[in-house]
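Novice: A predicted structure for the sequence below; I have some questions about it.
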Amino acid sequence: MLPPHPRHGPVPSHPRHGPEDLCALGTDLYVRALNEGRLNARDAEDAPCLVAFGLLQPAIGTTDRLEPVPPAVALHRLLGDSAQRVADERRREARLSETFEPLMRIDGRRTAGDDAGPIRVLSGIPRINQAISEAMEDATSELLCIQPNAHYADPRGVVAHRLSLRRDQAMLDRGGRIRTLYQHTQRHLPLVRARYEQLRGDAEARSLDEVTDRLIVVDRRIAYIPAGEEATLALEVRHPALISYFVTTFERLWRLATPMYPEAAPRPSLNGVTPRQRTIAALLVEGHTDASIADRLGMNVRTARVHIAKLAATLGSESRAQLGYLIGRSGILDQEH
């Protein structure tokens, strides 16, 4: 919904619309502002959407002139707002799940029957671990796992690691196969290395710069995924269509990943730019901050900035703004990873 007009209150004649459906008048005025570099504030009164959506902003030192916000900057802000709305909705879904999960466990005629359906909410780490352990007791075929960046300094991570190690070895002893995807930053973590030194059987691991949220698929019949930002809520999924989707996603990521066990394959650099730096370059072009890049790639901000500095040195960049231009001109993002 558009805000009141800055001078005359609501503009009844102006149609209600979102930034994805910019009105004709607003489009014409925005194009004019981009071409001329400015716009008289009175000219924009009949298109308050331009200010409301962040396409025009007051010029410094005067209230009678508006300046256009570059389209790339405006688009990045609007996409960020959209992502925030999606995140808010996911948090709402998690709260709903937490509210109704204990209600669905009530044993009564008016609640769900013995068949809980294709999706079940699991609340609490002990219950989640118990459900996974029960599913793996009968597993004999294959276990697919995606493990995003884990903070093994947390004692809970060490306990979970030991529990999963026992479960996995029991499955391998029954002739099963295990494939796991990690982030590249986990390749040399002591617990990850120790895991594959201890496991005996058909266990493989590969890594990517970025992976999805945690995923566990047991024998292609049951899956576990997070149901919120915290690790205390999960979904147990048995729906065949969803399981098929999870498996397809895993297989595609697996083909793109770099082997790390049983044999690590070195990733070649292209024109002096490493695969890690190409990934960072792509995120820089998308407008991500150093902190955002570090979070997505599972590294600390200092390490991310070291990679950015090396990338800048390789491309001959003297500033952050010039780096984005040189990345685009270099063609490194068009090369095969």
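Specialist: Structure's in. What do you need?

Novice: Can you point out the buried residues in the helix or strand containing residue 324?
Specialist: In this structure, residue 324 sits in helix 320-330 according to DSSP states H and E. Neighbour-count burial for helix 320-330, counted by 16 or more other CB atoms under 10 Å, picks out 323-324, 326-327, 330. Backbone N, C-alpha and C define where each C-beta goes, glycine included.

Novice: Stretch 38-49 too?
Specialist: Buried residues in stretch 38-49, defined by neighbour count with 16+ other CB under 10 Å: 39, 41, 44, 47-49.

Novice: Pull out the buried residues from stretch 75-95.
Specialist: In terms of neighbour count (16+ other CB under 10 Å), stretch 75-95 has its buried residues at 77-78, 94.

Novice: chain center to it: distance?
Specialist: Its chain's average C-alpha position is 12 Å from that of stretch 75-95, according to CA atoms, centre = their mean, to the nearest Å.

Novice: Give me the mean pLDDT for that stretch.
Specialist: Across stretch 75-95, the average pLDDT comes to 82.

Novice: which residues touch it?
Specialist: Stretch 75-95 has contacts (CB atoms under 8 Å, 6 or more residues apart in numbering) with 19, 53-54, 227-229, 233, 286-287.

Novice: picking that back up, any chance of the buried residues of helix 320-330 in JSON lines with pLDDT and distance to residue 196 as columns?
Specialist: Conversion of the buried residues of helix 320-330 to JSON lines gives the following (pLDDT from 0 to 100; distance: CB to CB, whole Å):
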{"residue": "323", "pLDDT": "78", "distance to residue 196": "37"}
{"residue": "324", "pLDDT": "76", "distance to residue 196": "39"}
{"residue": "326", "pLDDT": "77", "distance to residue 196": "39"}
{"residue": "327", "pLDDT": "78", "distance to residue 196": "35"}
{"residue": "330", "pLDDT": "76", "distance to residue 196": "37"}
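
Novice: Which of the residues you listed sits closest to residue 24?
Specialist: Ranked by distance to residue 24 (CB to CB), the buried residues of helix 320-330 are led by residue 324 at 32.1 Å.

Novice: which ones are touching that closest one?
Specialist: 284-285.

Novice: all strands of this protein, in order?
Specialist: With DSSP state E as the criterion, the chain has strands at 39-40, 56-58, 65-68, 119-123, 142-147, 177-183, 202-208, 215-218, 222-226, 233-237, 258-261.

Novice: Most tightly packed of the ones you listed?
Specialist: Looking across the strands of the chain with neighbours counted as mean count of other CB atoms under 10 Å, the highest average goes to strand 215-218: a mean of 23.

Novice: And that strand, what does it pack against?
Specialist: Packed against strand 215-218, as judged by 3 or more CB pairs under 8 Å, 6 or more residues apart in numbering; DSSP states H and E, are the following elements: helix 125-137, strand 142-147, strand 222-226, helix 240-256.

Novice: Tell me which of those sits nearest to residue 178.
Specialist: That would be strand 142-147 among the helices and strands packed on strand 215-218, by CB to CB, at 4.6 Å.

Novice: can I get the CA coordinates of stretch 171-180 in CSV?
Specialist: Included here for stretch 171-180 are C-alpha records, laid out as CSV according to Å, rounded to 0.1, in the frame of the first residue of the first chain:
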residue,chain,number,x,y,z
MET,A,171,24.2,-49.0,8.6
LEU,A,172,27.5,-49.6,6.8
ASP,A,173,27.9,-52.9,8.6
ARG,A,174,24.5,-53.9,7.1
GLY,A,175,25.9,-53.2,3.6
GLY,A,176,24.4,-49.7,3.2
ARG,A,177,26.0,-46.7,1.4
ILE,A,178,26.5,-43.2,2.8
ARG,A,179,27.0,-40.0,0.9
THR,A,180,27.5,-36.6,2.6
